[in-house]
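Engineer: could you look at this predicted model? Sequence included:
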Amino acid sequence: MTVRRATIDDVARAAGVSKATVSAVLNDKGAVRAETRERVLFSIAQLNYRPSHGGGRPGAARAGAIGLLIKEHDNPYYAGIADGVRTVVEERGLTLLVASSNGSWAAERRALELLRTSDVLGLVVTPVLDEHADLGAYFELRRRNVPFVLLEEVRGVPASLVDVDNAAAARAAATHLMALGHERLAHLAGPAYSAHSAERLDGFRQAFSASSLVFREELVVEAGAHLEDGLRAGRTLFGRRRAPRDGRPTAVTCYNDLVAIGLCRALREAGLRVPDDVSVVGFDDIPLCAYLDVPLTSVQVPLHEMGVTAARVLLAQLDAATPAPPRRIHLDGALRVRATTAPPPSRDVRAARPTSPALRS
C-alpha cells in the first residue's frame, strides 16, 4: 500500500492560505506577514511536506541532490565519508553536492543557505561548533522541514546523529600506551570548532582515571586538525625536552592522523626516533597511515560506513510520510596497532598486550 504524501494543496488548506503564499514562503519571495509565514511553516512541519521531485513517488529515484557539508576540504577523513554517502545517493539516482566550511561558521551558514535554496532534498553535515557558531541555521532548517543528519552532535538541536564513540576510542588509544609501560603521556588536542576535540580529550582523561597515573592539564597541547598544526605543536612540546629526565613525554595521542604525521616530523627535527624514543598514536586511520615509512598506529574510524549510514538515515527521513523522531547511531572505532608504538625507552620490557581491543596490520 502506497502512503499518500502531503502536497502543496494540503499545506495551503491546513494554513488557510493560497498555494502562491505557500510557494512564497518556501522560496523566501514576496511579502508574507510574519504570522502567516509561521502558520505555513507550522503546517509544513505537521504534514511533513516537502517539495515534490520526480512526481512525488515515495521511494522512487528523484531529480535533485543531497548536500554534504564538511569542515576541511584537505582532510582525507572526509573523502571516506563522502565516498559512503555517494554510494547510497547515486543508487537513488540523486547527485551529491559537497561544500566545505573550512572551520568557519560564517562560511557554513552561507553554504547551508545556498544548499537549502537549491534543488537539495536533504543534508549530511559536520557542523562548526566554536564559540562564534550560530546554530540558528539548523533551527531554520527544521522549521522549513529540510531533513538533515549530523556527523557531530550539536547540543540543543534535535536531529539524527551518526558518529563514532570518540571518548571510548580515545580512551583505548591511551590505555594501549599505558599497557606498554608509558607513564608520561601527552595529548595533541584538536580544533575548537569540532565536538570531536572535546570528546577525544575526554577519553584521554578517562584512561588516567582508570589507571594509577595522575592527569595534569600540561599534558594537553592545543594543536588543530592539519599537518602543520601537528608540526607546530610537536616543536612546542619537544623543542626543549629532549630527554626523559627533562619531563619529556614518551608517548603522545593525537586528535587525528594528520596531526600525528606532523608531530612525527617535529620529532625527527628534534633528533628523536619513533617509536624508540616517543610512541605516537593517531586517530581516523586514513589510508596514508599504512604507507608511511613507519606505519602509524591509529584509531580506525569506519568512514565509509558512517557515510553510508548517514545517507540511509537521511533518505529514510525523505521517504517518511510522517515526521519521525531523531535517531542516534554510534559506530565502533578500533585501535590498529602498527609500528609507531612500543614500550618506553627507560623500561626493558616487551610489548604488553593492550587491555583494550586492537587490530594489527
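Structural biologist: Yep, that arrived.

Engineer: next up, the contacts around the residue nearest to A133 when sequence neighbours are not counted.
Structural biologist: With sequence-adjacent residues excluded and distances taken as C-beta to C-beta, 6 or more residues apart in numbering, A133 is closest to W105, at 4.3 Å. Where you see a C-beta, it was placed from the backbone N, CA and C, and this is true even at glycine. Each residue near W105 by C-beta atoms under 8 Å, 6 or more residues apart in numbering is listed here: 128, 130, 132-134, 193.

Engineer: let's have these in a markdown table, adding pLDDT and distance to A45.
Structural biologist: Compiled in a markdown table, the contacts of W105 are given as follows (pLDDT from 0 to 100; distance: C-beta to C-beta, whole Å):
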| residue | pLDDT | distance to A45 |
| --- | --- | --- |
| V128 | 89 | 25 |
| D130 | 72 | 29 |
| H132 | 72 | 29 |
| A133 | 72 | 24 |
| D134 | 73 | 21 |
| Y193 | 90 | 29 |
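
Engineer: only the buried subset of those residues, as a PyMOL command please.
Structural biologist: Buried members of the contacts of W105, defined by 16 or more other C-beta atoms under 10 Å, are picked up in PyMOL with:
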select buried, resi 128+133+193
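
Engineer: mind listing what H304 touches?
Structural biologist: 80-81, 83-84, 87.

Engineer: make sure it is indeed in a strand.
Structural biologist: No: residue assignment for H304, taken from DSSP: H, G, I helix; E, B strand; the rest coil, gives helix, which places it outside any strand.

Engineer: return the per-residue confidence for the residue lying closest to it once chain neighbours are set aside.
Structural biologist: Taking C-beta to C-beta, 6+ apart, and ignoring the residues beside it in sequence, H304 has G84 as its nearest neighbour in space, at 4.2 Å. According to the per-residue confidence, G84 scores 97 in pLDDT.

Engineer: now G84: how far from N166?
Structural biologist: According to C-beta to C-beta, to the nearest Å, G84 and N166 sit 18 Å apart.

Engineer: likewise for L94?
Structural biologist: Between L94 and N166 the distance, using C-beta to C-beta, works out to 29 Å.

Engineer: list the beta-bridge partners for the nearest residue to P326 once chain neighbours are set aside.
Structural biologist: When the adjacent residues along the chain are set aside, P326 lies closest to S160, with 4.6 Å between them (C-beta to C-beta, 6+ apart). Beta bridges link S160 to V149 when assigned by DSSP bridges.
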